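1. Dropping the sequence and predicted coords here.
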Amino acid sequence: MVRTVDPEKHAAKRRAILDAAAGCFARDGFEKTSTADICRAAEISSGSLFHYFPSKRAVFVGIFEADTDDNEELLAAAAEMADPWEGVLAVVAQLTSPLALPGVVRLILEAAAQAARDPEFAELIRGNDDRMRTGLAGLVDHGVRTGRFSPALAPADAGNWIVALVDALLSRASLDPELDVEHEQAVLRQLLTRILGPSE
C-alpha cells in the first residue's frame, strides 16, 4: 500500500524544522551548527531531518527560500490595499518589526557572511532583495499614478531608498542591542513621508 503524504502536514513540519534551525544558526553560526543540533532543537531524528532536507546547507538555504515566499505574499497583500501608502507602511513594518529580536539580527548577519562564501546562496539573497525593491517600486508607482504620492522621485529610485533605509535600521540593530526599534520605526515613517510626500 502506497503511503500518501498530506501536503499541509508536510509543509508545516518542514517549516517547524526551519524555525528550529534558524535559532541554531542565529546562536552558533552556520559553521558551528551541526545537523545533530538541528535535530535536537526540532525534536526529530536525523532520518526525519534528511527526509525533508538533504544537507545542513539545504536547511540554511530553506530558511531564506521561505523568506522569498513570505515576502511575495506580503507584497501581494500590500498591492491589494486600497491605499498604496498603507501598503508601503505595512511592508516596512513587517520587514523591521523582527529586528527587535536579537536572534533575527544575528541570523541576517550570518546570511551575509555565508553569501560571501557561497555564490549560489548570494544569488538567492540578491534575488530576494531585487524582488522587494521591484515590489515597493510598484506600490510607489501606483501611488504616483493615483495622486497619492508626490512624483518627485522615480518609483524605482524610491523603492531602492526604502530598502536602503530598512537595511540601515538593520545595521543599527546589529551594532546596538539596546536599540529602540519602535522609535526607529517612527523615525523611518517620518523619512518615508519626506520621500513619498503622501497626500492627505
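-> That came through fine.
2. Helices along the chain, start to end?
-> Using DSSP state H, the helices of the chain run over 7-32, 35-42, 46-52, 56-80, 84-96, 102-117, 119-145, 155-175, 181-196.
3. which parts of the last one are buried?
-> Across helix 181-196, burial judged by 16 or more other Cβ atoms under 10 Å covers 181, 184-185, 188, 192, 195-196. To be clear about C-beta, it is placed using only N, CA and C from the backbone, and glycine gets the same treatment.
4. How about the fifth one?
-> With burial defined by 16+ other Cβ under 10 Å, the residues of helix 84-96 counted as buried are 84-85, 87-92, 94-96.
5. would you list those residues in CSV and tack on distance to residue 15?
-> Listed next are those as CSV, based on distance: Cβ to Cβ, whole Å:
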residue, distance to residue 15
84, 30
85, 32
87, 26
88, 27
89, 27
90, 22
91, 22
92, 24
94, 17
95, 19
96, 22
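6. rewinding a little: out of the helices of the chain, which is the most enclosed?
-> Comparing the helices of the chain by mean neighbour count (mean count of other Cβ atoms under 10 Å), helix 84-96 comes out on top with a mean of 20.
7. Report all helices and strands that that one contacts.
-> On a contact count with 3 or more Cβ pairs under 8 Å, 6 or more residues apart in numbering; DSSP states H and E, helix 84-96 meets helix 56-80, helix 119-145, helix 155-175, helix 181-196.
8. give me the low-pLDDT residue ranges for the chain?
-> By pLDDT under 70, the low-scoring segments of the chain are 1-5.
9. now with 50?
-> The chain contains residues with pLDDT under 50 at 1-2.
10. what's the closest non-adjacent residue to residue 13?
-> Computed as Cβ to Cβ, 6 or more residues apart in numbering, the closest residue to residue 13 that is not its neighbour in sequence is residue 52, at 6.9 Å.
11. Give me the most central residue, the chain.
-> Centroid-nearest residue in the chain: residue 67, 4.9 Å away (criterion: Cα atoms, centre = their mean).
12. which ones are touching that residue?
-> Taking Cβ atoms under 8 Å, 6 or more residues apart in numbering as the criterion, residue 67 is in contact with residue 128.
13. quick one: contacts for the residue nearest to residue 68 when sequence neighbours are not counted?
-> Leaving aside its chain neighbours, residue 68 sits nearest to residue 128 (5.4 Å; criterion: Cβ to Cβ, 6+ apart). Each residue near residue 128 by Cβ under 8 Å, 6+ apart is listed here: 64, 67-68, 71.
14. rerun at 10 Å
-> Residues near residue 128 by Cβ atoms under 10 Å, 6 or more residues apart in numbering: 64-65, 67-68, 70-72, 111.
15. Any chance of JSON lines for those residues, columns distance to residue 154?
-> Listed next are those as JSON lines, based on distance: Cβ to Cβ, whole Å:
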{"residue": "64", "distance to residue 154": "29"}
{"residue": "65", "distance to residue 154": "31"}
{"residue": "67", "distance to residue 154": "27"}
{"residue": "68", "distance to residue 154": "25"}
{"residue": "70", "distance to residue 154": "27"}
{"residue": "71", "distance to residue 154": "22"}
{"residue": "72", "distance to residue 154": "23"}
{"residue": "111", "distance to residue 154": "29"}
